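> Sequence and predicted model, in that order:
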Amino acid sequence: MADTPPGRIASRRLFAGISIQYKLPLFISVLLLTLITVSSWAAYRGVRDSAFSAARTRLGGVADQLASLLRMQAGQVGVAVAKAAANDTIRRFFEAPTAQNRVDALSAMRHMGPVVEQVIGVELWSAQRERLLATATQASDLGAGGQAESVQWAAQADTGSVGRLQLGGDSLIYPVSALVLGHSGPLGYVVQWRRATSNPKSREGTLQLIGSGAGLYVGNDRGDFWTDLVGPAPKPPVDVRGAQGILTYERPESGRVMATARTLAPLPWVVLLEFPERVVAAPATAFIRRLGLVDVGLVAIGLFVAWVIGHRIAAPLRELTIASTAIASGDYSRSVAVGGDDELARLAHAFTTMAGRVHDAHTRLEDLVRERTSALEERNDELEAFGYSISHDLRAPLRAMQGFSQALLEDCGDRLDAMGREYAERIVAGSKRMDELIRDLLAYSRVSRAELQLVRVPLTPVAHSALAELSGALRARNASVQVAEPLPDVLGHPATLSQVLTNLLGNGLKFVPPSRTPELRVSAEQRNGLVRVWVEDNGIGIAPEHQARIFRVFERLHSTDDYPGTGIGLAIVRKAVERMGGQVGVESNLGHGSRFWVELHPANGEGA
């Protein structure tokens, strides 16, 4: 508000003090005017865009047709000149340029071409592209036509190559070259200079395919000469050679135009079609003028209707507004009374019914939340009591069984036979395994239920802490351990993360054959905005079809005689990592070790 101009603040206050019975008609009128203006403009743009789209389609289609027609006609001319060049008299002149052969060649050249009247002149050029002989039906028309840079030299004998356009006298001319072959290879070229046969009537007939005001131009691929097929024409203001799609630019005589160009390769020509945008937009302009008259009438009618509606609904709307404000503040008992049987009255009745039902639903929801919270607290208390019972009441007898069985073996072992010693040893082993199982179940339960406060945790000390806890087992197996320091910081729970690394390292140490020295490696990397911690071993590996099972509770792939354990360690890892907002997985192949990974969020210096 401090930056709002004073005049705008005053206008807002003035408008806020006007009754809704006046503001509503004003608002509806402005809205109607806006909608009509926007819809009219959209309709105008739609008509205009349709007209331009049709013009673009027509322009491109005609350009393609003209390009195909010019290529076909040029091909026919090229074939005709190539046939005319395959003349024994011409060939003899190239092979032996005697005086008689020269006279004969000139005679043949004067009658060369399917329509002799279109031929301005004929030239013979050597294979080294030096002009040897020339004739012209009208020398003044040929002018400077015989220039090598305008000729497209034919590369094969069965068809000629059409060259670039130029002005010869008062005519548009172009060269057509044909290759003359001898018994030992190319002898030279026949270059026929031809008049471009077009007239204003045929050109206008072609342009009628596009529409009124269209322009048709043909130019050389070098852009040095343009013609409207009647005479020379000014160059387009932009370089159209190689342009794709529809171009727009200004022509002094036509204003802004739409244009499309087609290169006529192998012809060294470019055909250009132009269409004035004012002609394309003329139907849309006439349409919007007619639509404007209709819009004025619609706005007048809308203003009158809005005025009537404003008077009829102002009072009920005030009642609904007051009731809505009360309900928003928590008073669900508020009702709205509107007389009559119209939509506003039914709306008021539905509003009152809705308010009552919302109040009832709110009350039931609060009661249900209290009941569920109480039940959840009771279940949590039961789970705590059950965990305490397992930890103290069940493990105490197990420890007594283990102690007495061990004492029996130590004190009375010499008086037991082999079967008695085996039974006692089984009791000791079974009690130890049951104690480990209960301990792991308690750990899994704590991880599942404990409230974890996530903080920044440096991974390097956590990894060393896990290795220190496993130091005895590592020394017993003479294991090699490598930690790729420094490890990054992550967002996690220190004790839980230490248990995760301890379980993964212990798992990697356990599942290494006795004949192999264990090799463990801990490393980390940034991946997709997360920190991925790797724990690698050189153990027995895990087949791909079993890799999803190992993270489930009590899932074992081997017997306890081969590899001891409870089958809960990796399940604890998975649950702990999920509680810290991460993921866990493994990459492994049977017999080639395993690479367990844990993905956690990087630390950002804040607790979670």
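On my side now, so go ahead.
> Which phi and psi values does Pro486 adopt?
phi -80, psi 140 (degrees, to the nearest 10).
> so it makes contact with Thr460?
Yes. Counting by Cβ atoms under 8 Å, Thr460 is a contact partner of Pro486 at 5.7 Å. Using the backbone N, CA and C atoms, a C-beta is placed for each residue, glycine as well.
> So which of those two has more stuff around it?
The neighbour comparison of Pro486 against Thr460 (other Cβ atoms under 10 Å) goes to Thr460, with 16 against 10.
> Strands along the stretch 151-300 of the chain, start to end?
For the stretch 151-300 of the chain, the strands defined by DSSP state E, counting those that start in this stretch cover 161-162, 166-168, 171-182, 185-195, 215-220, 226-227, 247-251, 255-263, 269-276.
> Quick one: low-confidence residue ranges for the stretch 1-150 of the chain.
Counting by pLDDT under 70, the ranges of the stretch 1-150 of the chain that qualify are 1-24, 113-117, 136-148.
> quick one: the helices in it?
6-16, 20-85, 88-95, 99-110, 139-142 (DSSP state H, counting those that start in this stretch).
> From those, pick the one with the highest average neighbour count.
Of those, the one with the most neighbours on average (mean count of other Cβ atoms under 10 Å) is helix 88-95, at a mean of 18.
> hang on, the earlier thing: would you turn the strands of the stretch 151-300 of the chain into a markdown table with mean pLDDT and distance to Ala67?
Converted to a markdown table, the strands of the stretch 151-300 of the chain look like this (pLDDT from 0 to 100; distance: least, Cβ to Cβ, whole Å):
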| stretch | mean pLDDT | distance to Ala67 |
| --- | --- | --- |
| strand 161-162 | 88 | 14 |
| strand 166-168 | 80 | 21 |
| strand 171-182 | 87 | 16 |
| strand 185-195 | 88 | 19 |
| strand 215-220 | 85 | 10 |
| strand 226-227 | 86 | 16 |
| strand 247-251 | 87 | 16 |
| strand 255-263 | 87 | 4 |
| strand 269-276 | 86 | 6 |
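> Give me the distance between the most centrally placed residue in the chain and Asn604.
Centroid-nearest residue in the chain, with Cα atoms, centre = their mean: Asn528, separated by 18.6 Å. Using Cβ to Cβ, to the nearest Å, Asn528 is found at 16 Å from Asn604.
> do Ala42 as well
Separation of Ala42 from Asn604 (Cβ to Cβ): 48 Å.
> follow-up on the earlier one: would JSON lines of the helices of the stretch 1-150 of the chain with distance to Leu474 be doable?
Listed next are those as JSON lines, based on distance: least, Cβ to Cβ, whole Å:
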{"stretch": "helix 6-16", "distance to Leu474": "76"}
{"stretch": "helix 20-85", "distance to Leu474": "76"}
{"stretch": "helix 88-95", "distance to Leu474": "96"}
{"stretch": "helix 99-110", "distance to Leu474": "103"}
{"stretch": "helix 139-142", "distance to Leu474": "101"}
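> So which residue of this protein lies furthest out from the middle?
Arg415 (81.4 Å).
> Can you pull the phi/psi pair for that residue?
Dihedral angles for Arg415 - degrees, to the nearest 10 - are phi -100, psi 0.
> now swap in Pro252 and tell me
Note on Pro252: backbone dihedrals following degrees, to the nearest 10 are phi -60, psi -40.
> ok, now how distant is it from Pro236?
Per Cβ to Cβ, Pro252 is found 12 Å from Pro236.
> who has more neighbours, the two?
Pro236 (23 against 7).
> Tell me the pLDDT of the more buried one.
According to the prediction, Pro236 has pLDDT 88.
> So it sits against Val257, correct?
No. Taking contacts as Cβ under 8 Å, Pro236 lies outside contact range of Val257: 9.1 Å.
> shared neighbours of these two, which are they?
Shared contacts of Pro236 and Val257, defined by Cβ atoms under 8 Å, 6 or more residues apart in numbering, are found at Tyr249, Arg251, Glu274.
> give me the number of residues near the second one?
Taking other Cβ under 10 Å as the criterion, the count of residues near Arg251 is 15.
> Next, work out how far apart it and Ile540 are.
For Arg251, the distance to Ile540 - Cβ to Cβ - is 82 Å.
> Would you mind saying which of the strands of the stretch 151-300 of the chain lies nearest Leu303?
strand 255-263 (39.1 Å; Cβ to Cβ).
> If you count neighbours, what's buried in that closest one?
Val257, Met258, Ala259, Thr260, Ala261, Arg262, Thr263 (16 or more other Cβ atoms under 10 Å).
> What is the nearest of these to Ile322?
Comparing the buried residues of strand 255-263 against Ile322 with Cβ to Cβ places Met258 closest, at 60.8 Å.
> pretty sure that closest one contacts Glu277?
Yes. Assessed by Cβ under 8 Å, Met258 is found in contact with Glu277 at 6.0 Å.
> In contact with Pro488, which residues are there?
Leu459, Ala524, Gln526, Val531, Pro602, Ala603.
> any idea what sits nearest the first one, other than its immediate chain neighbours?
What it means is Leu459. Distance criterion Cβ to Cβ, 6 or more residues apart in numbering; nearest residue to Leu459, sequence neighbours excluded, is Leu487 at 3.6 Å.
> which residues does Thr263 bridge with?
Val270 (DSSP bridges).
> I figured it was touching Arg241, is that so?
Yes. Using Cβ under 8 Å, Thr263 is in contact with Arg241, at 6.8 Å.
> Find residues that contact each of those two.
Asp221, Val270.
> Report the rounded mean pLDDT for the helix or strand harbouring Gln499.
In the assignment (DSSP states H and E), Gln499 maps to helix 494-510. Helix 494-510 carries an average pLDDT of 82.
> Begin at 809 from now on, thanks
In the new numbering, first residue 809, that becomes helix 1302-1318.
> and that helix, what does it pack onto?
helix 1226-1257, strand 1263-1266, helix 1267-1277, helix 1279-1284, strand 1327-1335, strand 1338-1345, helix 1377-1387, strand 1402-1408 (3 or more Cβ pairs under 8 Å, 6 or more residues apart in numbering; DSSP states H and E).
> still on that earlier bit, just the strands of the stretch 959-1108 of the chain: most buried one?
strand 969-970 (a mean of 26).
> If you count contacts, what does that one end up packed against?
Partner elements for strand 969-970 (3+ Cβ pairs under 8 Å, 6+ apart): helix 828-893, strand 979-990.
> Val1289 is nearest to which of these?
Closest among the helices and strands packed on strand 969-970, once you apply Cβ to Cβ, is helix 828-893, at 71.4 Å.
> Show me what the closest one is packed up against.
Against helix 828-893 (3+ Cβ pairs under 8 Å, 6+ apart) you get strand 969-970, strand 979-990, strand 993-1003, strand 1063-1071, strand 1077-1084, helix 1085-1136.
> That helix vs strand 1023-1028, what angle?
Using axes from the mean of the first three to the mean of the last three Cα atoms, to 10 degrees, the inter-axis angle of helix 828-893 relative to strand 1023-1028 is 50 degrees.
> Return the distance of helix 828-893 from the chain's centre.
Centroid separation for helix 828-893 versus its chain: 29 Å, with Cα atoms, centre = their mean, to the nearest Å.
> count of neighbours near Ala1051?
17.
> Make sure it is actually in contact with Ala1069.
Yes. Using Cβ under 8 Å, Ala1051 is in contact with Ala1069, at 5.4 Å.
> quick one: which of the buried residues of strand 1063-1071 is nearest Thr1325?
For the buried residues of strand 1063-1071, the residue nearest Thr1325 by Cβ to Cβ is Thr1071; the value is 73.7 Å.
> residues contacting that closest one?
Counted by Cβ under 8 Å, 6+ apart, Thr1071 has contacts Asp1029, Arg1049, Gly1050, Trp1077, Val1078.
> just Tyr982 next, same as before
Counting by Cβ under 8 Å, 6+ apart, Tyr982 has contacts Ser958, Val970, Gly971, Arg972, Leu973, Gln974, Trp1001, Arg1002, Ala1004.
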